[in-house]
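J.: below are the sequence and a predicted model; questions follow.
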Amino acid sequence: MNPAVTIVIVNFNTAEATAACVDSVLAEGMDAEVVVVDNGSRDGSVELLRSRFPDVEVVDTGENLGFAAGVNRGAAAGSGERILLLNPDTIVHAGSLDALLGFADAHPAYRVYGGRTLRPDGELDPSSCWGEPTLWSLVCFATGLTTLFHRSALFDPESLGRWQRDTVREVPVVTGCLLLISRDDWELLGGMDERFFLYGEDADFSRRARMAGMRPVIVPDAVIVHEVGGSTASSGRKMCLVMAGKATDARLRWSPGRARLALALLAGGAGLRALLGKDTWREVWRRRADWEPGYPAARAALFSAERSVGV
């Protein structure tokens, strides 16, 4: 008999964090199989995870495939009736996965489910879900309104305002740090789009889910602690990857004219923040020619000069 859920964790050089994540999952005592996909780590992750968790399947890809391809490998390696994506730098609160599965059983019409993420200090981490990127949200970014009116529903619309993710609510984007879907629906959507390397793939996935009639929803009783960016080496590099994801998303979904406008707005926002003296954004501005083409070109450009730095 197939397990109720396949839990997929993509690991890259986060051996101890991933081990802690797996510990928290196994403590739930669920009818689940855990699949860890290692994306070519160089920190001994494969050996550590296999020795510490003999019942966990560790898929060693031998190279960094990126997040989308990694979760697709993990989903294919399992046989659970549902698929649950979990970031390696997360810790599951006791009872949270049962709450998530119980909600999905009771409310099958939503079909895509996320949870509530907290930072290690207990403060809300809003990144379990986001609003849909639009030209208006990019105008707000380019003009600095998203910073001036942080978490304003009008001027920072992708933030979804000041909502604390503490009520059941349908959302445009459930992120891959905690995402539950049936295997049938996962296969209907074809999994994650592997043209994305890192960041942006979950916005694309949620959009395709909505187009297929699914209703991504946040379940507040499903709580994880999220370190955020635990496998990304630096804030400047991480933001370049985020921008590459946004650029890819714009190029794939919009007409060439709208995509060019979106890219100009992204670059404008980066330039504005660089002028304000923020080191992260200075790097993003300096490397705009690397991320603006989107993936896969952005991957090659962003990695070519820093092969020794992890993502």
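T.: Perfect, I can see it now. Residues are numbered from 1 along each chain as shown.
J.: in space, what's closest to the residue nearest the centre of the chain - neighbours in sequence excluded?
T.: For the chain, the residue lying nearest the average C-alpha position, counting by CA atoms, centre = their mean, turns out to be Gly176 (3.7 Å). Distances taken as CB to CB, 6 or more residues apart in numbering put Asp202 closest to Gly176, at 4.4 Å, once the chain neighbours are dropped. To be clear about C-beta, it is placed using only N, CA and C from the backbone, and glycine gets the same treatment.
J.: give me the phi and psi for that neighbour.
T.: phi -80, psi -30 (degrees, to the nearest 10).
J.: let me know how buried it is, in neighbour terms.
T.: 25 (other CB atoms under 10 Å).
J.: against Trp254, how distant is it?
T.: Spatial separation of Asp202 from Trp254 under the definition CB to CB, to the nearest Å is 18 Å.
J.: same question, Phe205
T.: Between Phe205 and Trp254 the computed distance is 17 Å (CB to CB).
J.: one more: Leu198?
T.: The spacing between Leu198 and Trp254, counted by CB to CB, is 21 Å.
J.: now swap in Pro296 and tell me
T.: Counting by CB to CB, the separation of Pro296 from Trp254 is 19 Å.
J.: ok so, going back, ok, the residue nearest to the centre of the chain - contacts?
T.: Shown in contact with Gly176 (CB atoms under 8 Å, 6 or more residues apart in numbering): 67, 71, 85, 87, 192, 201-202, 205.
J.: ok, Ser41 next?
T.: Under the criterion of CB under 8 Å, 6+ apart, the contact list for Ser41 reads 11-15.
J.: residue ranges of the strands in the protein, please?
T.: 5-11, 32-38, 57-60, 82-86, 90-92, 112-118, 124-125, 129-130, 169-170, 173-174, 178-182, 217-226 (DSSP state E).
J.: ok, now how distant is the residue nearest to Val225 when sequence neighbours are not counted from Val34?
T.: Taking CB to CB, 6+ apart, and ignoring the residues beside it in sequence, Val225 has Ile91 as its nearest neighbour in space, at 4.4 Å. Counting by CB to CB, the gap between Ile91 and Val34 amounts to 14 Å.
J.: more neighbours: which of those two?
T.: Neighbours of Ile91 and Val34, each counted by other CB under 10 Å, are more numerous for Val34; the result is 26 against 19.
J.: could you list the low-pLDDT ranges of this structure?
T.: 228-234, 304-311 (pLDDT under 70).
J.: quick one, domains of it?
T.: As assigned by the TED database, the chain contains the domains 5-128+165-226, 235-302.
J.: include distance to Ala142 when you put the ones you listed into CSV, please.
T.: Written out in CSV, the entries for the domains of the chain read as follows (distance: least, CB to CB, whole Å):
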stretch, distance to Ala142
domain 5-128+165-226, 18
domain 235-302, 4
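J.: to Ser137, which of these lies closest?
T.: Among the domains of the chain, the nearest to Ser137 by CB to CB is domain 235-302 (9.2 Å).
J.: for that closest one, measure first residue to last.
T.: Between the opening and closing residues of domain 235-302 there is a gap of 14 Å (CA to CA, to the nearest Å).
J.: looking at Leu198 and Trp254, which has the bigger crowd around it?
T.: Between Leu198 and Trp254, counted using other CB under 10 Å, the more crowded position is Leu198 (25 against 16).
J.: where's the more buried one relative to Leu65, distance?
T.: As for Leu198, its distance to Leu65 is 10 Å (criterion: CB to CB).
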